[in-house]
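Student: Give me coordinates for this.
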Amino acid sequence: MTEPRDRAPEPSGRLLRPLSRRRLIASALGVSAGAAAAAFLAACGADPNAISVAEGTATTATPTPTAATATASPTDGVPAAGVAVAAFQPADLGQGETALLTVRQAGATRASVRFLSKHYPLMSAGDGLFWCVLGVGLLVPLGSGSATVTTRARGGEVLATVEASYEVVHVDRPVDYLTTTPEVAAVLTVEAAETETYLRTFEQFNLFEGRPRWNGTMQLPVQGIQTTAFGQGRSLNGGPVSGQHSGTDIANEAGTPVHASAAGRIAWAGPMPIRGNTVLVDHGAGVVTGYHHLQEIEVDVGQMVDAGEEIALMGTTGFSTGPHLHWEMTIYGINVDPMTWTTRVFLPSASPVTPTATPSQTATP
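Tutor: The predicted structure is shown next:
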């Protein structure tokens, strides 16, 4: 069988099959089965692209985008087009964070981008505006870079190719020193890591909804106290820092209702050896939220859910030291900080918003 090319799905309203299996392994997990076991020692499934804590000083990203421009050269049969403008928002891309890319070009009907060695589709917002959200892995090298944007006419002819510049910056994330019993730690085996690697590669991140279903910021999925933040280094029982936390942990009593952070489709539901009982909600445009360590799953695969709809009950299944929700967010399989989405709208022409609550502010003691 011939492998499909290394391309992300075209934007549409149907389910789409993205990267090849070989590239999905490298992009969504980035490690061999043996290395995956070490990465999962970060607990709750560390981002496999991030198994060490980067050194440096925290850098605050600026919301002011930088833009790169290129003049399209009309060709026979191609509508006249003006200047193509592409910009990242923010222009400084934090490791483990989300970037919004917008592109404007009159006369274009399609656009795509090559970012960090992968191709992604852009969605049309009308009037020559195209956009997408992109995930920056926790171990993406620091420094300057550029993404290559291509715009096309209705017949597929290239209108323009333009470079959008960015700067990958360090985000300071502390270390979490976790103490657990031998019985709980026994869950972290090579076999368990291999199983989760397979599930994430070939089942959970193998289909995506084309169009975005979120509208505004993401909702916190559960009330409780935030115990571990995204990207924190994880030391288990005094051992070395072997990974970085792939989501946000929010603790409360077992049986606390868990809600969908935004509208979407139930993409996957079932048990995982480390993450425990799991529900994944596909919000479109490559964005998926994960809800892990659940006591009970209340939805079925393929079911459509609204923002705030109850989907499960909090539990302590899998590798877990007590009842809590491990809340993850991925963009085409790349783990990013979900809390950023509770304070910022990742849609074109959207601006950052002021948070109304944090997990600790809504906590029930």
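Student: what's near enough to touch Gln295?
Tutor: Going by Cβ atoms under 8 Å, 6 or more residues apart in numbering, Gln295 touches 254-255, 277, 312-317, 323. Just so you know, the C-beta spots here come from the backbone N, C-alpha and C atoms, and that holds for glycine as well.
Student: To which secondary structure element is it assigned?
Tutor: Using DSSP states H and E, Gln295 maps to strand 287-297.
Student: hang on, the earlier thing: write a ChimeraX command that selects only the buried members of the contacts of Gln295.
Tutor: Filtering those down to the buried ones (16 or more other Cβ atoms under 10 Å) takes a single ChimeraX command:
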select :277,312,313,314,315,316,317,323
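Student: Nearest residue to Val149 in space, please, no chain neighbours.
Tutor: Ala86 (4.5 Å; Cβ to Cβ, 6 or more residues apart in numbering).
Student: any idea of the pLDDT on the one you found?
Tutor: Looking at Ala86, its pLDDT is 95.
Student: start at 54 instead
Tutor: All right, first residue 54 from here; so that's Ala139.
Student: element containing it, please.
Tutor: Judged by DSSP H and E, Ala139 forms part of strand 136-142.
Student: Return the set of buried residues in stretch 267-281.
Tutor: Under 16+ other Cβ under 10 Å, the buried positions of stretch 267-281 are 267, 270-281.
Student: Would you report the backbone torsion angles of Val352?
Tutor: phi -130, psi 170 (degrees, to the nearest 10).
Student: now swap in Ala245 and tell me
Tutor: The phi/psi pair for Ala245 (degrees, to the nearest 10) reads phi -60, psi -40.
Student: Count the residues that sit near it.
Tutor: By the criterion of other Cβ atoms under 10 Å, Ala245 has 20 neighbours.
Student: Just the mean pLDDT for whatever helix or strand Tyr219 lives in, thanks.
Tutor: Remark: Tyr219 resides in strand 211-222, with elements defined by DSSP H and E. Mean pLDDT, strand 211-222: 96.
Student: go on, stretch 269-283?
Tutor: Mean per-residue pLDDT for stretch 269-283: 95.
Student: circling back: what is the nearest of the contacts of Gln348 to Asp180?
Tutor: Ala365 (40.3 Å; Cβ to Cβ).
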